[in-house]
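J.: Sequence first, then the predicted structure, then my questions.
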Amino acid sequence: MLSPIELRHELHMSPELAFNEYNTQKILSEALKELGVEFHPIAKTGLAVLIQREPTAPSVLYRADMDALPIKEETRWEYCSRNEGLMHACGHDIHMSVMYGVIKKITEDDIPGNYVFIYQPAEETIGGAKYVLDEMRERYKVKYATALHVTDEYRLGEFASTNGTLFACAMEITAKFKGLSAHIAQKEKGIDAIKNAVAFTSEFYQNPIDNNEKGRRVLAGFGKMFGGNVRNAVADYAQVEGSIRGETLEIVIENFERLKVLAEKYSGTLERGSLYPPVINNEKLFELFKDYASNNGTFIDCGMKYTGEDFGFFTMKYPSLMFWAGVRTSEEVWGLHNPKFLPDDCVIPHLVDFMVEWLMLLSNNV
């Protein structure tokens with residue numbers, strides 16, 4: 001039977017992208033079989049684990065995400081990624097291992113309560129949470145939902161959350177510009193898509209939509225741009241990819257429409273990609289967690305973050321609580337999605353104990 005740390009090593013060596021977590025699912029399934037718990041596939045590459053002590057009572061749902069990122073690992077760790085160009089750079093290997101440790105402890109110690117554990121695929125890009133919820137429908141009687149996210153912004157033993165909106169609504173956006181190809185020697189015969197894309201982004205940067213006033217918290221940015229096919233011809237195509245983040249869905253849509261008009265000004269179009277609703281913490285659960293975390297570590301009210309997280313789909317359906325779990329054990333801060341992000345194994349047993357007690361507290365309040 002694997003320990004949670006041994007499981008982490010296997011998972012970290014086998015990172016997979018959204019809805020391709022087949023080996024991840026296999027590794028988890030084999031470990032769960034050893035525990036003798038009831039589980040079944042969900043949302044293609046995910047898993048749902050059920051522990052029910054009282055058939056008529058509601059359950060507490062706990063979610064851990066599974067997918068990795070298209071990042072080349074630079075940790076030189078003994079258990080570094082074996083899948084070239086992919087890495088668990090967002091801590092999902094920790095999330096899955098901690099949940100496994102929680103299931104193991106609840107099972108072995110015969111801890112009372114009803115629990116639904118969701119290993120969820122496709123958090124990073126596609127919003128796998130909505131697919132999980134579509135399959136769950138009313139299959140389980142869930143009273144509360146909870147999840148953690150590790151970060152080295154905070155030290156081990158520090159826990160951060162806030163009442164209301166913890167993570168912003170996030171919308172992926174793509175601006176596309178079509179031109180007309182022509183040789184550079186006769187560029188006047190072409191329509192330069194790159195020129196239009198640059199004009200669009202230049203005006204955007206001159207008039208950013210970022211606003212931190214209360215009730216108007218929103219920002220947007222672009223992180224990827226490309227166009228053309230060869231260096232000596234006017235580009236007939238250019239594309240700029242980015243994201244809008246805001247406190248509410250309404251303000252995100254409002255600013256999408258604003259940027260759509262700007263793209264059209266330069267003969268472009270603006271398309272919506274994945275859309276994650278805001279992660280909104282329940283006030284009652286926030287107060288409960290604040291007291292619990294303060295008595296079992298250090299609690300930090302971090303306010304709203306512009307991070308995007310598809311746990312927002314869960315918060316739309318159930319009273320929920322999500323929080324940051326600090327994992328920094330040295331002075332180095334790499335940050336999430338960094339090729340050197342690598343929490344120490346020692347954080348896992350610490351977080352397992354913390355989550356077991358937190359789930360028991362939730363279960364006692366259903």
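T.: Here it is on my side, so go on. Numbers count the residues shown, from 1 in each chain.
J.: how close does the closest residue to S267 other than its chain neighbours get to Y237?
T.: Of all residues not flanking S267 in the chain, N196 sits nearest, at 5.6 Å (CB to CB, 6 or more residues apart in numbering). Every C-beta, even on glycine, is put in place using the N, C-alpha and C of the backbone. Using CB to CB, to the nearest Å, N196 is found at 11 Å from Y237.
J.: do the same with L359
T.: 51 Å.
J.: then stretch 261-280 to CSV, C-alphas only?
T.: Extracted in CSV, the C-alpha atoms of stretch 261-280 (Å, rounded to 0.1, in the frame of the first residue of the first chain):
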residue,chain,number,x,y,z
VAL,A,261,-15.3,46.8,-30.4
LEU,A,262,-11.6,47.6,-30.2
ALA,A,263,-10.7,44.5,-32.2
GLU,A,264,-13.3,45.4,-34.8
LYS,A,265,-11.8,48.9,-35.1
TYR,A,266,-8.7,47.2,-36.5
SER,A,267,-10.6,44.7,-38.8
GLY,A,268,-10.3,42.0,-36.2
THR,A,269,-12.7,39.7,-34.3
LEU,A,270,-12.7,38.8,-30.6
GLU,A,271,-13.7,35.3,-29.5
ARG,A,272,-14.5,33.9,-26.1
GLY,A,273,-12.7,30.8,-24.8
SER,A,274,-13.1,29.0,-21.4
LEU,A,275,-15.1,30.9,-18.9
TYR,A,276,-14.7,30.2,-15.1
PRO,A,277,-17.2,31.7,-12.7
PRO,A,278,-15.9,33.4,-9.6
VAL,A,279,-15.1,31.2,-6.5
ILE,A,280,-17.4,32.5,-3.9
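J.: rewinding a little: doesn't the residue nearest to S267 fall inside a helix?
T.: Yes - counting by DSSP: H, G, I helix; E, B strand; the rest coil, N196 is part of a helix.
J.: isn't it right up against F177?
T.: Yes - N196 is within contact range of F177, at 4.6 Å (criterion: CB atoms under 8 Å).
J.: Strand partners (parallel or antiparallel) of the helix or strand V327 falls within?
T.: In the assignment (DSSP states H and E), V327 maps to strand 320-328. Strand 320-328 has the following strand partners under DSSP bridges: strand 142-155 (parallel), strand 158-161 (antiparallel).
J.: quick one, which of these is nearest to G228?
T.: Among the strands paired with strand 320-328, strand 142-155 comes nearest to G228, with 38.4 Å by CB to CB.
J.: what's the burial count for the closest residue to N163 other than its chain neighbours?
T.: Nearest non-adjacent residue to N163, counting by CB to CB, 6+ apart: F286, 4.4 Å away. Number of residues near F286 (other CB atoms under 10 Å) recorded here: 19.
J.: Kindly report the same for L50.
T.: Neighbour tally, L50, other CB under 10 Å: 15.
J.: still on that earlier bit, between N196 and Y237, who's got more neighbours?
T.: N196 (22 against 16).
J.: related to what we said a few turns ago, what does the model give the residue nearest to S267 for pLDDT?
T.: Listed pLDDT for N196 reads 98.
J.: Which stretches in the stretch 1-150 of the chain count as helices?
T.: Ranges of helices within the stretch 1-150 of the chain are 4-13, 22-35, 92-108, 128-136, based on DSSP state H, counting those that start in this stretch.
J.: Give the buried residues for the last one.
T.: Using 16 or more other CB atoms under 10 Å as the burial criterion, the residues of helix 128-136 that qualify are 128-133, 136.
J.: and what of stretch 45-54?
T.: 45-49, 51.
J.: same check, this time on stretch 275-295
T.: Quick answer for stretch 275-295 (16+ other CB under 10 Å): 275-282, 285-286, 288-290, 292-293.
J.: repeat for stretch 111-118
T.: Result for stretch 111-118 [16+ other CB under 10 Å]: buried residues 111, 113-118.
J.: the strands in the stretch 201-350 of the chain, which residues?
T.: For the stretch 201-350 of the chain, applying DSSP state E, counting those that start in this stretch gives strands covering 218-227, 237-246, 268-276, 279-281, 298-301, 320-328.
J.: Run through the stretch 101-250 of the chain and note the low-pLDDT ranges.
T.: 214-215 (pLDDT under 70).
J.: what about A199, distance to M225?
T.: On the measure of CB to CB, A199 and M225 end up 13 Å apart.
J.: Quickly list the domain ranges of the chain.
T.: According to automatic domain parsing, the chain comprises the domains 4-166+278-363, 169-276.
J.: Figure out how far the last one is from the centre of its chain.
T.: Shown here is domain 169-276, whose average C-alpha point lies 24 Å from the average C-alpha point of the whole chain (CA atoms, centre = their mean, to the nearest Å).
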